[in-house]
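*Asks:* based on what follows, work out the 3D shape:
(3 chains)
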Amino acid sequence: MSAIEPALVRTESELEHAVSVVSQFNEFVIDIETDGINPRTNALSWVGLATYGEVFLIPMQHRRGRLLREERLTKSGKPSKAQTPPVHKRYYGDPGAQLMPDVVTAAIEPLLFGEQLKIGHNVKFDMLSLAKYYGGRIPDGPYNDTLVMQHVVDENRRSYSLKDIVPDWLRISKDDRKGFYPKLGKNVASHPIDALAKYLAKDVRYCWLLWQALCDWISREDMWDVLKLEMDLYPVIMRMEAAGAYVDPDHLDEMEQELDLQLQTIERDAWTTAKVRTPFPLTNTNMKRDLLFKPKAEGGQGLKPLKLTPKRGDPVLDQATLEHYADKGNKLASLFLDYSEKQKLLGTYVLGLRTRMNNGKVHTSFTQHAAVTGRLSSRDPNLQNIPRDSNVRALFVAPPGYTLVVADYDQIELRVTAHFSLDERMRAIFEAGEDIHAGTYAAIVGKEIEDVTKDERQIGKGLNFAVVYGAGPPKVAAMSGVSVEDAKFFMKQYYKRFNNIEPWKYFVLNEARRRGSPAHPYLQPPYVTTLLGRKRRLPDLFAREYIPLGRAERQAINHRVQGTAAEIMKIAMIRVDQAFQDTPFTLILTVHDEIVSICPEGMENEAKELVVSALSGITLNERPIIDVPLVVTCEAARRWSEAK
DNA sequence: TTCCCCTGCGCG
DNA sequence: AAAGCGCGCAGGGGAA
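*Replies:* This is a model prediction of the structure:
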């Protein structure tokens, strides 16, 4: 490929030209640079655009021109001729004429808010950052995110950064990669304007080429339905991230103080127990190690290390070790354990939330490229693993004047299983609207569902988990509270009674293997699909050893079920978003089989009705999406913890 | 200092 | 014979 000559857009007429060229095409790549990673607070510093054969780079208020001269200083401050003195001073030229961000954002508005396809690598970040310049308006679709596209065609990659993907596409050898995509520091403003232009030109140009290659590949893989769902969901996710989740600030303060106090108490208690003269923080691992494992004569507890670190031979201080000695009655070990538990609650959830708060809200990122099955994931902060029975969930509240509306699917994965397996007995339980776990137990022992006890229902639950996750007798036994022998018996009965489940599993696995080539398990891997055709490629379905083989088989079955459930929820989210247009209702969170919205106080019933019908009335080709009823529970609550 | 891997634990 | 899927984050430990 020929070298890219970055044409900098510095004047209004150049800007007008750039926009008019880009607007002639149906699609374009956009990539922006900012001074920070928080889209709600960062400032725009560069816009890069690419389309058929064209690249435009628009710097704004970039202060460093070309690098004129480097001065190397010794520590004493004197100029030095030595080869690599540690301190540099650099002199830069005039960066030249540039446009103001307001002028640029106004000019590109028709590109963003028009009908053209907007392409970018994680373009969500760019749009959320730009929304500030349009009074918070987030450009609606159509979008193509090359990050999501890459994940659709190859879900098993470790990295999805442009820097790692593009060289694969262009077949750049390992040795040439460093020079091919030079690493620029995070701080955009610190680089000379020409260096940054060169870098950004590569980014937008390669993103454009990547998009073209990915379009072909998605066609080849026949996965446009999957991509369409992801890209229809894209603006919905952006709106959710922008809306954010409200956190009760007073409650957060209270919890922080309470945990602080508890930590201090534990710390003081530990100092007394250890009989130390000088207080030390209970985060100090070396100190804790000494106190537990040094002989009593040296002020320690004289415990025997359970295992040692491989390199230095220090005693390991992990949870298992601490628990071992805490169980034996060592007070210090149990105090250390208590401390780390509270520390985790305080650090991960309380302070973790606090540092990410913005005007009373936290704005998570939902990623579409993290889960191999196609589930969404949530990060920075992760709002999908908030503890259920601690007080943390109660921190999430509706804003003043609003109520939370929380809806979730009942047993969606088992309903999907019933749909795919065509198991009549399993479907009958759902058709009759009965409790699946109790119904499962009743079916295998042949008793009435009304007579199933709580303990027996637990056995049914364990068996149902075993179906979806592929758990073996020991796990089923542990979950059901029965012996391994009994678990084996129940499982055997289960597959006898629900007699289509096992054949269905074998069918899915055989179908997957037929799609692959045993001779080339990586070039042409076996794969399983979801309802819409999302693939999970599993080379290990051809493994000869039973551990990886067994794992791959469990992953295969689980993919079809979990991935399809995820698709149903994604369609539901799009429908909720549509139903919420021109209403005061807002979708704010999703946790796999649950969605959380807010609505003005007093409008709960209307909101609930919209949500329930959006979730339960999903069709595909004018038929219900699965042949098993979708049951939704929905309730209004002041705090997230108060729902269900 | 920064990055990577591992373990443990929170959720569905 | 043995057999739990999918995530993200914090902390420990080691490598660069």
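
*Asks:* which parts of chain A sit against DNA strand B?
*Replies:* A:318-320, A:382, A:384-389, A:562, A:591-594 (C-beta under 7 Å from any atom of the strand). From N, CA and C alone the C-beta is placed, and that goes for glycine too.

*Asks:* ok, and which of these reach DNA strand C?
*Replies:* Applying C-beta under 7 Å from any atom of the strand to those, those adjacent to DNA strand C are A:318, A:382, A:384-385, A:562, A:592.

*Asks:* of the residues you listed, which is the nearest to DNA strand C?
*Replies:* residue A:382 (3.8 Å; C-beta to the nearest atom of the strand).

*Asks:* mind pulling up the pLDDT for that closest one?
*Replies:* Looking at residue A:382, its pLDDT stands at 94.

*Asks:* spit out the contact partners of the nearest residue to it once chain neighbours are set aside.
*Replies:* Nearest residue to residue A:382 in three dimensions, chain neighbours excluded: residue A:364, at 7.1 Å (C-beta to C-beta, 6 or more residues apart in numbering). Contacts for residue A:364 (C-beta atoms under 8 Å, 6 or more residues apart in numbering) come out as A:241, A:245, A:378-383, A:589.

*Asks:* circling back to that earlier point, got a winner among the ones next to DNA strand C among the residues of chain A next to DNA strand B for most neighbours?
*Replies:* For those, the largest neighbour count, defined by other C-beta atoms under 10 Å, is 24 neighbours, found at residue A:562.

*Asks:* sec struct for residue A:551, please.
*Replies:* Here residue A:551 is helix, with the state taken from DSSP: H, G, I helix; E, B strand; the rest coil.

*Asks:* from DNA strand B, how far off is it?
*Replies:* Per C-beta to the nearest atom of the strand, to the nearest Å, residue A:551 is found 15 Å from DNA strand B.

*Asks:* could you do residue A:410 as well?
*Replies:* 11 Å.

*Asks:* got it, and residue A:416?
*Replies:* With the distance defined as C-beta to the nearest atom of the strand, residue A:416 ends up 13 Å from DNA strand B.

*Asks:* my read is that that residue contacts residue A:626, right?
*Replies:* Yes. Counting by C-beta atoms under 8 Å, residue A:416 touches residue A:626, with 6.2 Å between them.

*Asks:* ok, those two, which is more surrounded?
*Replies:* Comparing residue A:416 with residue A:626 by other C-beta under 10 Å, the one with more neighbours is residue A:416, at 27 against 21.

*Asks:* contacting residues around the more buried one?
*Replies:* A:531, A:561, A:564-565, A:568, A:626, A:628.

*Asks:* and these as CSV, adding secondary structure and pLDDT?
*Replies:* Output for those, formatted as CSV (DSSP: H, G, I helix; E, B strand; the rest coil; pLDDT from 0 to 100):
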residue, secondary structure, pLDDT
A:531, coil, 98
A:561, helix, 97
A:564, helix, 98
A:565, helix, 97
A:568, helix, 98
A:626, coil, 97
A:628, coil, 97
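
*Asks:* filtering these by proximity to DNA strand C, which remain?
*Replies:* Okay, of the contacts of residue A:416, nothing touches DNA strand C (C-beta under 7 Å from any atom of the strand).

*Asks:* need the pLDDT of residue A:466.
*Replies:* 90.

*Asks:* what's the answer for residue A:233, then?
*Replies:* 98.

*Asks:* quick one: it and residue A:569 touch, right?
*Replies:* No. Contact criterion C-beta under 8 Å: residue A:233 and residue A:569 do not qualify, at 9.8 Å.

*Asks:* quick one: secondary structure of the single nearest residue of the stretch 101-250 of chain A relative to DNA strand B?
*Replies:* Residue nearest to DNA strand B within the stretch 101-250 of chain A: residue A:158 (7.2 Å; C-beta to the nearest atom of the strand). Under three-state DSSP, the three-state class of residue A:158 is coil.
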